[in-house]
Structure formats: C-alpha cells, structure tokens
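here is the input, now give the coordinates:
(chains A and B)
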Amino acid sequence: AQSVTQPDIHITVSEGASLELRCNYSYGATPYLFWYVQSPGQGLQLLLKYFSGDTLVQGIKGFEAEFKRSQSSFNLRKPSVHWSDAAEYFCALLDTGTASKLTFGTGTRLQVTL
Amino acid sequence: DGGITQSPKYLFRKEGQNVTLSCEQNLNHDAMYWYRQDPGQGLRLIYYSQIVNDFQKGDIAEGYSVSREKKESFPLTVTSAQKNPTAFYLCASSTPGSGETQYFGPGTRLLVL
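Numbers count the residues shown, from 1 in each chain, chains lettered A, B, ... in the order given. Next comes the predicted model:
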C-alpha cells in the first residue's frame, strides 16, 4: 500500500534562514506528488506538484521541491523564510490507479522566530 | 471568482443528531472529495465522487453519508452512528483538465455539544 511519511512534526527556523521539510513516500509506480500549505483554521493551498519531467519543481511563494527517485523523497525547500510562512505543510501522493485518491502525510508545523 | 465554498464554518451537533455539511464548487470539476482532519493525523478520505449520481467510500466512511445529485454540489451528512465526529472537515474537487490536482475549500469545524 502507498504511504507518505513526514518525519518532522514540528520545525522552528529564524526569519531569513533556509528551510527544508522532508517527505518520503512508498509507491509502486512513478508517483504524482504534491505539497500543500495550511494556515490555522483554513483550507489547504497548493504550493507545487510533480508529475514527471524536471525533478526540481518551482512553486508559489518562493518554494521549490526536488524529486529523488533513488531516495523516495520529495523535500520542500525555501532559501529564505518569512514570518508569514508559519503554517502547517502537507506532502501528498496521488494514487492514479484508484480514482485519483490522495494519501497525505501527517504534516509538519513550521514556526518562524523573528 | 471560481472556487469551492463550504458552509457553515462552525457546526454544533447534539448527541443522536444528524448534521449536514455543504460543499459547492463552480470550477466545473467532475470529481469531489470529503476529508476529515484530526490533529496529528493528516487528512483521511471519507467519500469521493467522480461523476454525478455516483460515489464511493473512502478509508473512513462509517458513520457518514453523501449524495451527488448535481455536479457542483456534494453534501456530507454526519450521522448519529459516527461516535467521534469532532474534527475539521475539508471538501475538495478535481478534474482531469486540472492535472488531477485537488483544490480545497475553507473547511467546516464540527463540534459536539
């Protein structure tokens, strides 16, 4: 069965510092992968997605993610974090064989200190 | 503006009561989904519908019911059989034209009185 693991429950970074959020997946075929962001009490906003092609994908708000098949990873990065980036981040995998079902990781909560 | 709306923002349920959460989309998407979010557990799929008048159970369908009579609407009923309904409920939609990307509504928080 497919699965998504986000090993870090909570991360704290200083404003202006770089950020990397980890995501590992288990899937039998080429995955479709997503990163979403959620502010408290809000819905999920799509940051970026990987379907195929270039393994480094660019998203909104200055985020990027790199797909590494050999490591089964899809880590999210940002070179310089802003206080407004404080939120919860979810990695998700699309099961294209089963009616496009998304499997989510448990999320990483990002705190930004000034 | 195109998007997904969910109402109400907060909903209170009394013991033994059924309650219905609304989800409407004007994105002309074919597929719609309901997720439940609990702290520390990510999102779990309750029901999904790929086409009008058809829907399938997700991973945690017990105690919930849905209907899909119109393309733009996918209401979720939390029945009295759902013993632990307190959670944040998120509706999403997608279509092959969007690259199978799911777009989410703002959510409904359900609390038990």
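
please enumerate the strands of chain A.
Per DSSP state E, chain A carries strands over the ranges A:3-5, A:10-14, A:19-21, A:24-26, A:32-38, A:44-50, A:56-58, A:64-68, A:73-78, A:87-95, A:101-104, A:108-113.

tell me what the third one is packed against?
The helices and strands touching strand A:19-21, judged by 3 or more CB pairs under 8 Å, 6 or more residues apart in numbering or on different chains; DSSP states H and E, are strand A:10-14, strand A:73-78, strand A:108-113. C-beta coordinates here come from the backbone N, C-alpha and C atoms, glycine included.

mind listing the residues bridging to residue B:77?
On the basis of DSSP bridges, residue B:77 is bridged to residue B:20, residue B:65.

contact partners for it?
By CB atoms under 8 Å, 6 or more residues apart in numbering or on different chains, residue B:77 lies in contact with B:18, B:19, B:20, B:21, B:64, B:65, B:66.

show the pLDDT at it.
At residue B:77, the model reports a pLDDT of 97.

do residue B:83 as well
87.

what number of residues lie near it?
9 (other CB atoms under 10 Å in any protein chain shown).

ok, residue B:60 next?
Other residues close to residue B:60 by other CB under 10 Å number 15.

close enough to count as contact, it and residue B:45?
Yes - counting by CB atoms under 8 Å, residue B:45 is a contact partner of residue B:60 at 7.2 Å.

before we move on, the earlier item: pick the most deeply packed of the helices and strands packed on strand A:19-21.
Highest mean neighbour count of those: strand A:73-78, a mean of 20 (counted as mean count of other CB atoms under 10 Å in any protein chain shown).

how about it and chain B, touching?
No - Strand A:73-78 stays clear of chain B (CB under 8 Å from any CB of the partner chain), getting no nearer than 15.1 Å.

what mean pLDDT does that strand have?
98.

element containing the spatially most central residue of chain B?
Geometric centre of chain B, nearest residue: residue B:34, 3.0 Å, by CA atoms, centre = their mean. Using DSSP states H and E, residue B:34 falls within strand B:31-37.

neighbouring contacts of whichever helix or strand comes after that strand?
Using DSSP H and E, the helix or strand that follows strand B:31-37 in sequence is strand B:43-51. Under the contact criterion CB under 8 Å, 6+ apart, strand B:43-51 has outside partners A:44, A:90, A:99-102, A:104, B:30-38, B:55-61, B:64, B:66, B:68, B:74, B:76, B:89-90.
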